[in-house]
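*Asks:* Quick one, what's the 3D model for this:
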Amino acid sequence: MTDRIDHAAEARKHIDWAHDQQGRDGEYDSSVRDNAILAQAAATLALVEQQRIANLIALSVPPQFGAEGSSVRIPSYTLDGVLREDIAEGLGI
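*Replies:* Below is the predicted model of the structure:
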């Protein structure tokens, strides 16, 4: 699996850098605008990542379908009771 990128931290880094670049007259140059765009992209990726984790957790609860009470689920834990690697990695644990 690839190294986990903390998109929220990346967004904060770009935002902090942009704030530090503000000129005395309150004007910004194009590099600040470009960093704001990068911050927005990283923040969006962080939200997408968190939504994916929420969806995985929600899918681990077995919903009931039909009159027979059949269910479908994608477990959050392995058979050994260990949290799935992709969920643990997404949660940073």
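*Asks:* Which of the helices and strands in this structure ranks last by mean pLDDT?
*Replies:* Ranked by mean pLDDT, DSSP states H and E, the helix or strand of the chain with the weakest confidence is strand 64-65, at a mean of 56.
*Asks:* Strands along this protein, start to end?
*Replies:* Using DSSP state E, the strands assigned to the chain run over residues 64-65, 70-71.
*Asks:* residues touching the residue positioned nearest the centre of the chain, list them.
*Replies:* Nearest residue to the geometric centre of the chain (C-alpha atoms, centre = their mean): residue 49, 2.5 Å. Each residue near residue 49 by C-beta atoms under 8 Å, 6 or more residues apart in numbering is listed here: 7, 90. To be clear about C-beta, it is placed using only N, CA and C from the backbone, and glycine gets the same treatment.
*Asks:* Please apply the same query to the one 3 residues further on.
*Replies:* Shown in contact with residue 52 (C-beta under 8 Å, 6+ apart): residue 90.
*Asks:* let's see 10 Å
*Replies:* 86-87, 90 (C-beta atoms under 10 Å, 6 or more residues apart in numbering).
*Asks:* of all the residues you listed, which comes closest to residue 19?
*Replies:* Nearest to residue 19 among the contacts of residue 52, counting by C-beta to C-beta, is residue 90 at 28.5 Å.
*Asks:* what pLDDT does residue 5 get?
*Replies:* pLDDT for residue 5: 79.
*Asks:* Next up, the contacts around the closest residue to it other than its chain neighbours.
*Replies:* Spatial nearest neighbour of residue 5, chain neighbours left out: residue 45 (7.9 Å); criterion: C-beta to C-beta, 6 or more residues apart in numbering. When contacts are counted by C-beta under 10 Å, 6+ apart, residue 45 touches 5, 7-8, 10-11.
*Asks:* before we move on, the earlier item: with neighbour count as added columns, please give the contacts of residue 52 in TSV.
*Replies:* Output for these, formatted as TSV (neighbours: other C-beta atoms under 10 Å):
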residue	neighbour count
86	13
87	16
90	17
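*Asks:* Name the residues of the lengthiest helix in the chain that are buried.
*Replies:* Secondary structure assigned by DSSP state H gives helix 30-59 as the longest helix of the chain. By neighbour count on 16 or more other C-beta atoms under 10 Å, the buried set for helix 30-59 is 32, 35, 38-39, 42-43, 46, 49, 53, 56-57.
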